[in-house]
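In: could you look at this predicted model? Sequence included:
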Amino acid sequence: MSRSVRTRSLVDRAVTVLCVAATALAIVPLFSVLYYVAARGLGGVNLAFFTELPAPVGEVGGGAANAIIGSLELVGLACLIGIPPGILAGVYLAEYGNSKLGQLVRFSADVMAGVPSITVGLFVYSLVVLSTGHFSAYAGGLALAIIMLPTVTRTTEELLRLVPEALREAALGLGVAKWRTTVSILLRTALPGVATGVMLAIARVFGETAPLLFTSFSNRYWAESLNEPTASLPVQIFTYAVSPYEDWHRQAWAAALLLVVFILVLNVSARLLVRPRV
Amino acid sequence: MQMSQAETVDTRPSVPQAADGSSGTQSVVRDVSGNKLRTRQLRAFFGKAEVLRGIDLEFPERKVTAIIGPSGCGKSTFIRCLNRMHEVVPSATCTGEALLDGKDIFRMDPVRLRREVGMVFQKPNPFPTMSIRDNVLAGLRLNGIKVADPDALVEKSLRQVAMWDEVKDRLGRSGMSLSGGQQQRLCIARTIAMQPKVILMDEPCSALDPIATARVEELIHELRDSYTIVIVTHNMQQAARVAHFTAFFYMGELVERGETKEIFTRPSQQRTEDYITGRFG
């Protein structure tokens, strides 16, 4: 008896140690990436980086102001185009998703989530860029929106399904119409999770490079409108990183650091905004 | 109280009852007899399985009627038919008639019906994203009904469930910060704020401890002068304590219904006696 108790507590301890070790193993790469990017990137961060346009080729200095704003524009466009249909489709799947159409939509979303982003870029290239004849922020935003769409849809669906049935019944039992129950109770209750899903989608597209290469392309100057080629941080990082110039490498690291910080800030602020009230 | 429905007897002949001209007059008879709600041959199904086999039952105005019976006898399904929550479940259907003030509820808009026939559920289910105050107002707000004096309504509703003094200083806190018993009384307050004609309670105390149960029972005692209440309970002592009338369900059928005292002392059916004396169920 006592032996089996000892064996069990030994096994218990071994499994605990194993779990902690696995957690540490998962965290190590995360923190080493953060550390490496910070260490290499901080050197390139200065006022000029945020306020100036890229310097002419061969000259040292200049910044990435147009790429920073360009990235924000692209992601903003992607949110405008991608989030509303994503959330609505998620609501549809959660509320009526057992129909044939629902299964088709769910299957398509899952397939879309697995499509390489460069394919999405090519799709938008042939759809928008070829027909309008030029690269534009619109095309880039659309490509990013298509990449966001399945993530937003499926997280919304999953999180709506997690809302206890009791709350739906409570609202319906008070004589609340079904659409109102869905919006004001189910979606509202699932909001922190949905917001997190949206943030994850944004974080993913913030760093996307491949689809932007054929859609928004890049621009060494300010884009006059959303209908012009637009610079973005990931494309800037790509261009600078493969260049032969030391100063551009420095700026690529700085841009990478900025991307990571953007994504962190997005995540943290989303969580603070929708923190449950006590 | 706002519950002046007894006086405003609904005898409108405009109730769409084309197939059955007699029900208009019958409804008048029922109202005179003091029945707020009445079912006739109510049958309920989940898919093809028949879980209620034709229930004829009446609920007198401003009285508490308890429905007792063993698990799976259809008592919850029955009261969920009364505000048409039964149909919310996919594949669930029901047939027959249920008259609220003489009007067939199956011809009413379910959303409107549920404002008149409120429901308290087995597990307390306050809205977790809302404050205590907003929970009380939730039914009205979500229905887009303008409340002239929300603070007064919140106070009145919370006083009716004897909670005002406990929570008046923390109306802005989440409903989830309350204890289970308080949450359930908050849910009752939320239902009362809609000023329904009938309150359905589906085992409202089964998730509560004895003290919280006692408080909810006291509350039912106080509400029964103003509302028509139907309560489903597993607890026969509870039925004996709170209800004027008791109905015993078994296997989807109504075995008998009568004054609570009668049912518990001189049941007319052997099955009722077997159940209340604990021989089965």
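Out: Perfect, thanks for sending it.
In: got the contact list for residue A:135?
Out: By C-beta atoms under 8 Å, 6 or more residues apart in numbering or on different chains, the contact list for residue A:135 reads A:129, A:214, A:215, A:216, A:217, A:228, A:229, A:230. Just so you know, the C-beta spots here come from the backbone N, C-alpha and C atoms, and that holds for glycine as well.
In: nope, residue A:81 is what I meant
Out: So residue A:81 contacts A:141, A:142, A:145 (C-beta under 8 Å, 6+ apart).
In: let's see 6 Å
Out: Neighbouring residues of residue A:81 by C-beta atoms under 6 Å, 6 or more residues apart in numbering or on different chains: A:141, A:145.
In: element containing it, please.
Out: Element membership for residue A:81, per DSSP states H and E: helix A:65-96.
In: so which of the contacts of residue A:135 wins on neighbours?
Out: When neighbours are counted by other C-beta atoms under 10 Å in any protein chain shown, residue A:216 leads the contacts of residue A:135 with 34 neighbours.
In: and it, how far is that from residue A:240?
Out: Using C-beta to C-beta, to the nearest Å, residue A:216 is found at 17 Å from residue A:240.
In: break chain A down into its structural domains.
Out: In the domain annotation for chain A, the residue ranges read A:2-44, A:47-273 (automatic domain parsing).
In: turn those into TSV, including distance to residue B:49 and mean pLDDT.
Out: Below are the domains of chain A laid out as TSV (distance: least, C-beta to C-beta, whole Å; pLDDT from 0 to 100):
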stretch	distance to residue B:49	mean pLDDT
domain A:2-44	45	92
domain A:47-273	20	91
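In: turn those into a markdown table, including distance to residue B:69.
Out: A markdown table is the format used below for these (distance: least, C-beta to C-beta, whole Å):
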| stretch | distance to residue B:69 |
| --- | --- |
| domain A:2-44 | 45 |
| domain A:47-273 | 22 |
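In: how about the ones you listed, which one is nearest residue B:130?
Out: In terms of C-beta to C-beta, the element of these nearest to residue B:130 is domain A:47-273, at 8.6 Å.
In: quick one: contacts for residue A:144?
Out: A:78, A:205.
In: next up, phi/psi of it, please.
Out: phi -70, psi -40 (degrees, to the nearest 10).
In: what does residue B:41 give?
Out: Torsion angles, degrees, to the nearest 10, at residue B:41: phi 50, psi 50.
In: what is the neighbour count of it?
Out: By other C-beta under 10 Å, the residues close to residue B:41 number 13.
In: do I have it right that it meets residue B:54?
Out: Yes - if you go by C-beta atoms under 6 Å, residue B:41 and residue B:54 touch, sitting 4.6 Å apart.
In: residue ranges of the helices in the stretch 1-150 of chain B, please?
Out: Taking DSSP state H, counting those that start in this stretch to define them, one finds helices in the stretch 1-150 of chain B at B:22-33, B:75-82, B:110-116, B:132-142, B:150-160.
In: show me the strands in chain B, by range?
Out: Remark: strands assigned in chain B by DSSP state E are B:35-46, B:49-60, B:64-68, B:92-100, B:103-104, B:117-120, B:198-202, B:228-232, B:245-250, B:253-259.
In: which other helices and strands does the fourth one contact?
Out: Here strand B:92-100 touches strand B:35-46, going by 3 or more C-beta pairs under 6 Å, 6 or more residues apart in numbering or on different chains; DSSP states H and E.
In: burial measure for residue B:146, as a count.
Out: Applying other C-beta under 10 Å, we find 7 residues neighbouring residue B:146.
In: contact residues of the stretch 1-150 of chain B facing chain A?
Out: B:111, B:114, B:115, B:119, B:123, B:125, B:129, B:139, B:142 (C-beta under 6 Å from any C-beta of the partner chain).
In: let's see 10 Å
Out: The stretch 1-150 of chain B comes close to chain A at residues B:80, B:83-85, B:88-90, B:109-131, B:135, B:138-145, as judged by C-beta under 10 Å from any C-beta of the partner chain.
In: narrow those residues to those that are buried.
Out: Buried by 16 or more other C-beta atoms under 10 Å in any protein chain shown: B:80, B:83-85, B:110-111, B:113-131, B:135, B:138-143, out of those.
In: helices along chain A, start to end?
Out: Per DSSP state H, chain A carries helices over the ranges A:2-41, A:47-51, A:65-96, A:100-114, A:117-124, A:130-132, A:137-162, A:165-173, A:178-180, A:188-206, A:210-213, A:233-241, A:246-273.
In: closest one to residue B:159 among those helices?
Out: Closest among the helices of chain A, once you apply C-beta to C-beta, is helix A:165-173, at 21.7 Å.
In: residue A:60 is in contact with residue A:249, isn't it?
Out: No - using C-beta atoms under 10 Å, residue A:60 is not in contact with residue A:249, being 11.9 Å away.
In: tell me which of these two has more neighbours.
Out: Using other C-beta under 10 Å as the criterion, residue A:60 and residue A:249 rank with residue A:249 on top: 16 against 10.
In: the more buried one against residue A:44, yeah?
Out: Yes - Residue A:249 is within contact range of residue A:44, at 8.5 Å (criterion: C-beta under 10 Å).
In: need the residues of the stretch 51-200 of chain A near chain B, please.
Out: Neighbours of chain B within the stretch 51-200 of chain A, by C-beta under 10 Å from any C-beta: A:98, A:163-178, A:180-181, A:183-185, A:188-192.
In: residue B:200: neighbour count?
Out: Using other C-beta under 10 Å, residue B:200 is surrounded by 30 other residues.
In: which ones are touching residue 175?
Out: Went with chain A since none was named. B:83, B:109-119, B:139-140, B:142-143, B:145, B:194, B:196 (C-beta atoms under 10 Å, 6 or more residues apart in numbering or on different chains).
In: nope, chain B please
Out: A:277, B:124-136, B:138, B:167, B:182-183, B:186-187, B:190.
In: same question, residue B:255
Out: B:68-69, B:73, B:247-249, B:263, B:267-272, B:275.
In: per-residue confidence for it?
Out: At residue B:255, the predicted lDDT confidence score is 94.
In: before we move on, what about the one 5 residues further on?
Out: pLDDT, the model's per-residue confidence, is 95 for residue B:260.
In: wait, doesn't it sit right on residue B:237?
Out: No - contact between residue B:260 and residue B:237 fails when scored by C-beta under 10 Å: they sit 11.2 Å apart.
In: out of the two, which sits in the busier spot?
Out: Between residue B:260 and residue B:237, counting by other C-beta under 10 Å, residue B:260 is the more crowded of the two (20 against 10).
In: if I look at that one, how far off is chain A?
Out: 26 Å (C-beta to the nearest C-beta, to the nearest Å).
In: next one: residue B:269
Out: As judged by C-beta to the nearest C-beta, residue B:269 and chain A stand 32 Å apart.
In: hmm, that residue is touching residue B:262, no?
Out: No - taking contacts as C-beta under 10 Å, residue B:269 lies outside contact range of residue B:262: 11.5 Å.
In: between the two, what contacts are shared?
Out: residue B:256.
In: identify the bridge partners of the residue nearest in space to the middle of chain B.
Out: A centroid search over chain B (C-alpha atoms, centre = their mean) returns residue B:200, at 1.0 Å, as the residue closest to the centre. On the basis of DSSP bridges, residue B:200 is bridged to residue B:119, residue B:230.
In: contacts only, for it.
Out: Shown in contact with residue B:200 (C-beta under 10 Å, 6+ apart): A:173, B:37, B:59, B:67, B:76, B:78-83, B:85, B:114, B:117-121, B:191, B:228-232.
In: for the stretch 151-281 of chain B, what spans make up the helices?
Out: Using DSSP H, counting those that start in this stretch, helices in the stretch 151-281 of chain B cover B:164-167, B:180-192, B:210-223, B:236-242, B:260-265, B:270-276.
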